[in-house]
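In: My questions concern the predicted model and sequence given below.
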Amino acid sequence: MKPMDINLPDVLAEVTAQCERYERALTSNDVAVLDELFWNSPHTLRYGATENLYGYDAIARFRSGRSAQGLDREVLKTVITTYGRDFATANIEFRRAGSERTGRQSQTWMRTPQGWRVVAAHVSLLATP
């Protein structure tokens, strides 16, 4: 990979659009879109604030059973980096509505035949200041 392969404008635009779609689905609890955007594979994982989920099926079960309450959040910072045409990372810092506590979300995205999909994700909360 050449240095110019980082953040190719068209690839960055594609991944940014999917990340924005994910954020809208997350805060509106659109489970169908959230499920669509995760790679349907036993290799997919998601470490949440209170759970470790291994494989697409475990992630989908978690999503279907999660409460739709308290999902509003303010995105404080977003950093998306693409590597070549088929791989990207997205990291955001956020604050839940009504809270001073901030959180972090990391996602690894991969281009698949079905489109861009999250193959690994991690969500954590920082200690209260």
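Out: Okay, I see it.
In: for the helix or strand encompassing Gly103, packing partners?
Out: Assessed by DSSP states H and E, Gly103 sits inside strand 102-112. On a contact count with 3 or more C-beta pairs under 8 Å, 6 or more residues apart in numbering; DSSP states H and E, strand 102-112 meets helix 9-28, strand 87-96, strand 115-125. Any C-beta I mention is one placed from the backbone N, CA and C, and that applies to glycine too.
In: Show me the contact partners of the strand or helix carrying Leu76.
Out: Using DSSP H and E, Leu76 sits within strand 73-83. For strand 73-83, the surrounding residues in contact (C-beta atoms under 8 Å, 6 or more residues apart in numbering) are 1, 5-8, 11-12, 15-16, 19, 23, 27, 88-97, 102-103.
In: how much distance is there from that strand to the middle of the chain?
Out: 10 Å (C-alpha atoms, centre = their mean, to the nearest Å).
In: Now the buried members of the contacts of strand 73-83.
Out: Buried members of those, counted by 16 or more other C-beta atoms under 10 Å: 11, 15, 19, 23, 88, 90, 92, 94, 102-103.
In: Just put the residues you listed in JSON lines and tack on distance to Leu126 and pLDDT.
Out: Formatted as JSON lines, the buried ones among the contacts of strand 73-83 follow (distance: C-beta to C-beta, whole Å; pLDDT from 0 to 100):
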{"residue": "Val11", "distance to Leu126": "30", "pLDDT": "98"}
{"residue": "Val15", "distance to Leu126": "25", "pLDDT": "98"}
{"residue": "Cys19", "distance to Leu126": "21", "pLDDT": "98"}
{"residue": "Glu23", "distance to Leu126": "19", "pLDDT": "96"}
{"residue": "Ala88", "distance to Leu126": "24", "pLDDT": "98"}
{"residue": "Ala90", "distance to Leu126": "19", "pLDDT": "98"}
{"residue": "Ile92", "distance to Leu126": "13", "pLDDT": "98"}
{"residue": "Phe94", "distance to Leu126": "11", "pLDDT": "95"}
{"residue": "Thr102", "distance to Leu126": "5", "pLDDT": "93"}
{"residue": "Gly103", "distance to Leu126": "7", "pLDDT": "94"}
